[in-house]
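> Make a model of this:
(chains A and B)
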Amino acid sequence: MTGALAAVTAAAPPWAAWGGAFGHPFFQHALLAGTAIAAAAGLTGYFLVLRAQVFVGDALSHVAFTGALAALAFGADLRIGLYAAAVAVALLLGGMGTRGRADDVAIGSVFSWILGLGVFFLTLYTTSRSAGNGSAGVSVLFGSIFGLSSAQALTAALVGLGICATLAAVARPLLFASLDEAVAAARGVPVRLLGFGFLALAGVCAAEATQAVGSLLILGLLAAPAGAAHRLTGRPLPALALSGALAVAEMWTGLAVSYAVPRMPPSFSILAAATAVYAATYLPTLRRRPAV
Amino acid sequence: MTAVTALADASAGWSWNPVDDLRQMWAYPFMVNAFRAGTITAVASAVMGWFMVLRRQSFAGHTLAVVGFPGAAGAVLAGASAACGYFVFCVAAALVIAAVPRTGRDAGAQEAALTGTVQAFLLACGFLFTALYKGLLGGVTSMLFGSFLGITTGQVRVLLAVAAAVLVALAALGRPLLFASVDPDVAAARGVPVRLLSTGFLVLLGAAAAEASQITGTLLVFALLVMPAATAQTLTARPVRSLALSVAIAVAVTWLGLTTAYYSDYPLGFFVTTYAFAAYVLARLARLAAGRLPRRALLPAAGAA
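Okay, here's the model as predicted:
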C-alpha cells in the first residue's frame, strides 16, 4: 500500500513536486518575502523609470552594500545598516539637486566613494571578526533569498506591503508631479516633498530588496519590469499595476526555476526571468523594422 | 595581500623621508608594476571619463565598468584568461547599449531602463559563473574590488598597448566627438555622424573600463572614470585645460592611493575613491566660494535629468 502510494507520488511529478517545494520552510519564507519585495520593487521601479531616476536606483543599490557591511563591521544587525544608509543617501541625493533631483555626475561621485568605503568596511569585517565570514561580502552583494528566517521574511513582507500601500496612496499626485512638474506645482501639488518622499521610499525599497537579490542586482528588479511595462502600455495606472504584476511573476518564476535546478542561484534565475520578459518586449519592434 | 603588506611593513615602515620611502617601495618589482599599471589606467580612464562626464553618460559608463565582472568570471570558468573576458564583455555591452534606438519623447527613460537591465543581468550572470565555478569564491572579492599585487610585466604591456590604441582612436575622433557631445543637434545638422560617434565612443569607453577593471576591480573603475573628470570640469570650463587637469588628478590620486595602500592594511580601492572624492568635494566647495562663475557653462543642458 505505502509502496504503491510512493509509486503514485513519484509518477505524478508536477504538483507533487511543487507540493514538496511549498512544504519546505525556506521556500515558504522565500516566497513570502520575495512576493512582497518584488511588488514593492516593481511599483517603485515604475516611478524611477518614469522620473528618469534609474541611476539613483543604481546608486542606492551600492550604498546598501556599504550600509550592510558597516553594520556587520560594528557588530550591529545588518538590516539597520541597510535601511539607514539607503534612506540617508537617498535624501542626500535629493538634497544635492534642484527640486529633489540630483545630477548624474554628482550621484556617480558620491556613490563610488561610498562603495570605496564599503570595501573598507569589508576589509575591517573580514580581518577583525572571526574567520568564516569571508563570504559575507558576496552574500550581501548577490543576496541569499533561500536563507531568510521566518522573522526576516515576515519583516520583509510587512515592509514590502508598507511600500506598496504608500505608493498606492500617493500614486496620483506622484504621477502628476512626475509627468509635468511645473503644472503640478502650479496646481498646488507639493512637488518637492513628493520628490524627497519618493527618494526615501526608493531607499527603503533598495534596502529591502538587498535581502532578496543582493545589492548589485536590485537594479534589475527595479528597471526590468518597469521598463517592460513602459514599453507595453502608455497609460500610467495600468502600466504601474503591470510593472508590479510582472515583477511578482518574475520573482515566482525565478524561485521555481532555482528550486527545480539547485545549481542555479535564485538571484540569477529571478534576474534572468526579468531580463527575458524585458527582452521579449523588443520582439515586436524587431519584426516590424524590416517592413518599415 | 595582508601577508605581503605585513612582510613589507616588517622591512620598511613609513619614515617621513619621501625619497627613501619611494626607493624602498620601488625596490619591489610588484610595486613598480603596480605604479606602471596604475598610471596607464589612470591616464586612459581620466581621458575617457572626461568625455563620459561631458556627454552625461555616467550610467552607461558605470554599466560598462561593472560588466567586466561577469566577463572575468566567465573567462575563468571557460578556462580562458580573465583579461580577455573583461574586454569581450565590456565591448559587447557597449554595443548592446549603443544599439537601443534613441528616438521619441521618452528615449532617455527607455535607455536608462535598458542599461539598468543589461547591467543587472550581466552581474547576475557573473554570480552564476562564480557559483558554477566552485573554487573562485576567494577571487570574487578581488575581481570586484581589485588587487594591485601580482601584476606581471606582460600584463603591463597589454595595458599599455590597449591604452595607446584607445587614446589614438580617441584623438582621431576627438574634435567631432567634442562637437557632437556639446551640441548633438547642430553637429548632426552639420553632417557629423552623431550616432556612429556615440557607438564608437561607447566601445572605447568599454575598452578603457575593461582595462581599469583589472587593477581597481570592476566596482571601483567608475571612481576613476567619473571623479577626476567631474572635479576637473567643476574647476574649469575650458576643454583642453580641464582634460589635462582630469588626467593630472587621476594620476595623482592613483599614486597617492598606491602609496597609502602599500603602507597600510586597507585596500587600494578605498584610498583611491576617498582621495578622488576629497578632490571633488574641495572642487565643489571652491566653486561655491567663487560663486560668481556661471554654473556648468561647458556642459550640455540636455542631460539635466
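> which phi and psi does the residue in the stretch 151-300 of chain B that chain A sits nearest to have?
Proximity of the stretch 151-300 of chain B to chain A (Cβ to the nearest Cβ) peaks at residue B:273, 2.7 Å away. No exception for glycine: its C-beta is placed from N, CA and C like everyone else's. Dihedral pair for residue B:273: phi -70, psi -40, per degrees, to the nearest 10.
> so residue B:149 sits in a strand?
No: looking at residue B:149 with DSSP: H, G, I helix; E, B strand; the rest coil, it is coil, so not inside a strand.
> Please tell me the pLDDT value assigned to it.
For residue B:149, the pLDDT comes out at 73.
> now it: how far from residue B:33?
Look at residue B:149 and residue B:33: by Cβ to Cβ, to the nearest Å, they are 9 Å apart.
> And the two? Which one has more around it.
residue B:33 (20 against 17; other Cβ atoms under 10 Å in any protein chain shown).
> Identify the residue nearest the more buried one in space, chain neighbours excluded?
residue B:151 (4.4 Å; Cβ to Cβ, 6 or more residues apart in numbering or on different chains).
> Contact partners for the residue of the stretch 151-300 of chain B closest to chain A?
A:112-113, A:115-117, A:119, B:220, B:223, B:227 (Cβ atoms under 8 Å, 6 or more residues apart in numbering or on different chains).
> Disregarding flanking residues, what is the spatial nearest neighbour of it?
Residue B:273 sits nearest to residue A:116 (Cβ to Cβ, 6+ apart), 2.7 Å away.
> for residue B:213, same thing?
That would be residue B:68: by Cβ to Cβ, 6+ apart, it lies 3.6 Å from residue B:213.
> Equivalent analysis for residue A:264, please.
residue A:258 (4.8 Å).
> Can you verify the one you found is assigned to a helix?
Yes: assessed with three-state DSSP, residue A:258 lies in a helix.
> burial measure for it, as a count.
21.
> Apart from its chain neighbours, what residue comes closest to residue B:268?
Closest to residue B:268 by Cβ to Cβ, 6+ apart is residue B:261, at 4.1 Å.
> wait, what's in contact with the one you found?
Contact partners of residue B:261, counting by Cβ under 8 Å, 6+ apart, are B:148, B:267-268, B:271.
> how near is residue B:214 to residue B:90?
11 Å.
> Next: residue B:63.
Residue B:63 sits 10 Å away from residue B:90 when distances are taken as Cβ to Cβ.
> Quick check: phi and psi on the residue nearest to residue B:33?
phi -80, psi 130.
> what stretches of chain B score poorly on pLDDT?
Across chain B, residues meeting the criterion (pLDDT under 70) sit at B:1-16, B:100-109, B:134-139, B:292-305.
> Output the contacting helices and strands for the longest helix seen in it.
Criterion DSSP state H: the longest helix present in chain B is helix B:153-182. Where contact means 3 or more Cβ pairs under 8 Å, 6 or more residues apart in numbering or on different chains; DSSP states H and E, helix B:153-182 is packed against helix B:29-54, helix B:82-99, helix B:184-189, helix B:194-216.
> tell me which residues of that helix are tucked away?
Burial within helix B:153-182, assessed by neighbour count using 16 or more other Cβ atoms under 10 Å in any protein chain shown, is assigned to B:155-156, B:158-160, B:162-163, B:166-167, B:170, B:173, B:176-182.
> now stretch A:21-36
A:21, A:26-27, A:29-36.
> Pull out the buried positions in the longest helix seen in chain A.
Using DSSP H, we find that the single longest helix of chain A is helix A:150-179. Neighbour-count burial for helix A:150-179 flags A:153, A:155-157, A:159-160, A:163-164, A:166-167, A:170-171, A:173-178 (criterion: 16+ other Cβ under 10 Å).
> thinking again about what came up before, quick one: residues contacting the residue nearest to residue B:33.
B:30, B:33-34, B:37, B:215.
> Could you point out which of the residues you listed is nearest to chain A?
residue B:215 (13.9 Å).
> residues contacting the closest one?
B:34, B:37-38, B:41, B:146, B:148, B:151.
> go again using 10 Å as the cut-off
B:34, B:37-38, B:40-42, B:45, B:146-148, B:151, B:155, B:159, B:221, B:224, B:254, B:258, B:268-269, B:272 (Cβ atoms under 10 Å, 6 or more residues apart in numbering or on different chains).
> Low-confidence regions, the stretch 1-150 of chain A specifically.
In the stretch 1-150 of chain A (pLDDT under 70), the answer is A:1-20, A:97-102, A:128-137.
> Can you name the residue of it nearest chain B?
Closest point on the stretch 1-150 of chain A to chain B, by Cβ to the nearest Cβ, is residue A:116, at 2.7 Å.
> Now name the helix or strand holding that residue.
helix A:104-128 (DSSP states H and E).
> so that helix versus helix B:194-216, what angle?
In terms of direction (axes from the mean of the first three to the mean of the last three Cα atoms, to 10 degrees), helix A:104-128 departs from helix B:194-216 by 20 degrees.
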